[in-house]
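Asker: attaching a predicted model along with its sequence, questions to come.
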Amino acid sequence: MKHRIVVLGAGYAGAYVAGTLARRLSPADTEITVVNAEPDFVQRLRLHQLAAGQEIAAPRLADVFTGTGIRLRLARVTAVDPERQVVAVADADGDAAADGDGYGYGELSYDTLLYALGSHVADHAVPGVAEHAFDVAGRPSALRLRERLDTLSRRGG
């Protein structure tokens, strides 16, 4: 039986470690699955450029992993059960995600789990931050800031 490696997250850390493992480990002995909610690779370190009006590449993860033997599962992680060594996943609609890949419906079994889901912005319970502050921690928030900057530019400041 193959050693099942599941990587949660396909940002810089998740994509890099999955690719490195795919190059170093035998596909006859290992199976690598990357779980990510979005189909595109987000260059988080460059999101400030997106906010400033530049276009940045967002390669499709399916293309990034082509030819590597890495399986890509587009889903959100909803739970990790270390006792059973399974990860529960759901598609974008919140339904259990199943794609006929041999795993249980809505679950991925693993022998080794790598958690690389990244970080998020914390408002530290400061009133008004969620409604009025901007960040560039993700593509949607960078685009929100870009829209705001464009509005200011059209108004002349």
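Answerer: Sure, I can see it. Numbering: from 1, shown residues only.
Asker: can we go C-alpha only for contacts and neighbour counts from here?
Answerer: Will do.
Asker: C-terminal to the helix or strand of the chain with the lowest mean pLDDT, what's the next element?
Answerer: Between all helices and strands in the chain, the lowest mean by mean pLDDT, DSSP states H and E belongs to helix 129-132, at a mean of 88. Past helix 129-132, further along toward the C-terminus, the next helix or strand under DSSP states H and E is helix 139-155.
Asker: neighbours around Arg144, how many?
Answerer: 16 (other C-alpha atoms under 10 Å).
Asker: again but with Arg60, I slipped
Answerer: Here the neighbour count serves as a burial measure; for Arg60 (other C-alpha under 10 Å) it reads 13.
Asker: and what of Thr66?
Answerer: Thr66 is flanked by 11 other residues according to other C-alpha under 10 Å.
Asker: one more: Ala37?
Answerer: With neighbours defined by other C-alpha under 10 Å, the count for Ala37 comes to 18.
Asker: how close does it get to Thr30?
Answerer: Here the criterion is C-alpha to C-alpha, to the nearest Å. By it, Ala37 lies 23 Å from Thr30.
Asker: and Glu31, its phi and psi?
Answerer: Here the main-chain torsion angles of Glu31 (degrees, to the nearest 10) amount to phi -130, psi 120.
Asker: what's across from it in the sheet?
Answerer: In this entry, Glu31 is beta-bridged to Arg4, by DSSP bridges.
Asker: begin at 56 from now on, thanks
Answerer: Done: numbering now begins at 56, and the last item shifts to Glu86.
Asker: that one touches Ile60, doesn't it?
Answerer: Yes. Proximity of Glu86 to Ile60 meets the contact threshold set by C-alpha atoms under 8 Å, at 6.0 Å.
Asker: show me where this protein has its strands.
Answerer: 58-63, 85-91, 126-129, 131-136, 141-145, 162-164, 167-170 (DSSP state E).
Asker: any idea which of these gets closest to Glu110?
Answerer: Distances from Glu110 to each of the strands of the chain were compared using C-alpha to C-alpha; the shortest belongs to strand 85-91, at 22.4 Å.
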